[in-house]
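> Return a 3D structure for these sequence lines:
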Amino acid sequence: MMMQIEKLVSGDLFGYALDILTAVMPVEILALLVFGTIGTGYYMVQGSAIMPLIMFVLIGGVTIMEGPLSFIQGIVAVFILVIAGIAYLLLQRFNVE
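Residues are numbered from 1 along each chain as shown. Predicted structure coming up:
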């Protein structure tokens with residue numbers, strides 16, 4: 001707790017917010033959720049899945065390898081949800097009625 005207050009007093013607002021968020025969930029899952037929403041935003045604006053897929057492969061693969069063994073199952077579960085979300089977006093895009 002003292003380290004968080006010292007970061008806030010020294011002006012490191014980003015470090016303080018990161019400490020608070022990572023107290024709830026591991027950094028790896030937080031990274032997947034943050035970059036997943038950024039990738040979804042790219043897809044919604046551009047209409048192309050290339051940029052989110054590249055982000056997913058680069059960031060997701062590194063994130064899973066950096067995680068501790070106790071969190072690997074949770075990270076893989078989020079990874080599977082991201083794959084399902086991308087598949088759903090692609091199916092909706094090419095759905096011809």
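> now the chain, which segments are flagged as low pLDDT?
1-4, 7-8, 60-61, 63-64, 66-68, 96-97 (pLDDT under 70).
> At the geometric centre of it, which residue do we find?
Leu32 (1.7 Å; CA atoms, centre = their mean).
> Which stretches in the chain count as helices?
2-10, 13-24, 27-46, 50-55, 61-66, 72-93 (DSSP state H).
> List the buried residues for the fourth one?
Of the residues in helix 50-55, those buried under the neighbour-count criterion (16 or more other CB atoms under 10 Å) are 52, 55. Where C-beta positions appear, they are placed from N, C-alpha and C, glycine not excepted.
> repeat for stretch 33-46
35-36, 39-40, 42-43.
> Residues touching that stretch, excluding its own?
Residues outside stretch 33-46 that contact it (CB atoms under 8 Å, 6 or more residues apart in numbering): 49, 51-52, 55-56, 59-60, 78, 82, 85, 89.
> Which one (most neighbours) among those residues?
Pro52 (23 neighbours; other CB atoms under 10 Å).
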